[in-house]
Structure formats: structure tokens, C-alpha cells
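[1] no sequence for this one, just the structure:
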């Protein structure tokens, strides 16, 4: 059985392992610093949760409850738990909990790993949106990152995509 545990501070058991996984799973330009993440944990519309199966930490999610949708900013499963259906079950459980449109960012399918990631999300019911998108930098020294948005349960219309993008830029990335 898969369970979620909310991380309230960096002192919460499981945070250190989850943060280590975050640093391994995401390049520096696609994540915050530990200091920025520590501050973010105090934000009332942000949740950082660890995923547990049979008492073991098997992954984490960081997501935002925004206007009419949930933005899954970061999601990773431990290497030893991959390929066992845990990621798909975690997405299903998150969908049941939040009961809103889910939005996430993915790298364009320019390499095998990026294509495999997109395929995983598509098998989980997500849709790739064809509109141009770039992730704003997490800090001034980091670059804009060309990404794409995927959404569940449906693809976004262009006006809806623009609204989602504007809210992400304003609330999540402060631009």
C-alpha cells in the first residue's frame, strides 16, 4: 500500500532522503536551493510530501494548490522503486486527493529519457500540450529552461494554457 506523509519542516523525518532524491533527479536549473526549499515549506499553498510503500520512502512530490488546478512541480521515485507501478499509483492517489486538473512540466522529447518520461505520464492519463513554454529561472544566475506542460485529465485549450502559464509565472516563479 502506498501512503503519503506531509513534510512540514526540514526536521520532519524523511525530508533529508527526499531532498537527496530531488537533487539526484533534477538538474540544478530545475530546482530550488535547500535554503529556498526550506522557506517554501512555510507557504500555505505548497505541499511537500514523501511517498512510502511497506514502510520505506519510495519517492516524493512537491505541488502547489493554485486557482482551479494543482501544479506538480517536482515528482520522483527512488531508483529501486521504479518500474513497480509506484509512480502511477502515486499520481492516481494525488488525483483522488486534490480532485482538480493536474499540471506538470516535462523536458521536450529530444532524447530517449525525456521521451520515456512523457510516455510514462501519457500512460498515467496525462496529455502533452503543444504550446511553447519555458520554466523561469529559480534564481538570477540560472537560465530559463525550455519545457512543455502536461495536464490531466485533458489537454488545455490555448486560452486555458495561457491562464495556467501566467499563474505559474506569477505565483510559483515570481516573475
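    Great, that's in hand. If you're wondering where the values come from, they're calculated on a predicted model, not measured in any experiment. Numbering: from 1, shown residues only.
[2] contacts, neighbours, all on C-alpha from now
    Will do.
[3] so the residue nearest to residue 38 when sequence neighbours are not counted, which of the three states?
    For residue 38, ignoring the flanking residues on the chain, the nearest one in space by CA to CA, 6 or more residues apart in numbering is residue 10 at 6.4 Å. Three-state call for residue 10 (DSSP: H, G, I helix; E, B strand; the rest coil): coil.
[4] Report the separation between residue 10 and residue 18.
    10 Å (CA to CA, to the nearest Å).
[5] ok, the two, which is more surrounded?
    Applying other CA atoms under 10 Å to residue 10 and residue 18 shows that residue 18 carries more neighbours, namely 24 against 16.
[6] Which strand or helix spans the more buried one?
    Under the criterion of DSSP states H and E, residue 18 resides in helix 15-25.
[7] What is that helix packed up against?
    Contacts defined by 3 or more CA pairs under 8 Å, 6 or more residues apart in numbering; DSSP states H and E place helix 15-25 against strand 56-65, strand 69-77.
[8] and residue 47, which of those is closest to it?
    For residue 47, the closest of the helices and strands packed on helix 15-25 is strand 56-65, at 5.3 Å, according to CA to CA.
[9] average pLDDT across the closest one?
    Here strand 56-65 scores 97 as its mean pLDDT.
[10] Repeat that for stretch 144-157.
    97.
[11] Please apply the same query to stretch 33-47.
    Mean predicted lDDT for stretch 33-47 stands at 97.
[12] In the host helix or strand of residue 47, which of the residues would be classed as buried?
    For residue 47, the enclosing helix or strand under DSSP H and E is strand 46-53. Within strand 46-53, the residues scored as buried using 16 or more other CA atoms under 10 Å are 46-52.
[13] Which of those sits closest to residue 64?
    residue 46 (4.5 Å).
[14] Apart from its chain neighbours, what residue comes closest to that closest one?
    residue 64 (4.5 Å).
[15] residue ranges of the helices in this protein, please?
    15-25, 34-40, 86-98, 112-123, 158-167 (DSSP state H).
[16] Quick one: the ones you listed as CSV, columns for distance to residue 78 too.
    Below are the helices of the chain laid out as CSV (distance: least, CA to CA, whole Å):
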stretch, distance to residue 78
helix 15-25, 7
helix 34-40, 19
helix 86-98, 10
helix 112-123, 15
helix 158-167, 29
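[17] can you tell me which of the ones you listed comes nearest to residue 174?
    That would be helix 158-167 among these, by CA to CA, at 9.4 Å.
[18] how near is residue 47 to residue 107?
    Counting by CA to CA - residue 47 and residue 107 are separated by 23 Å.
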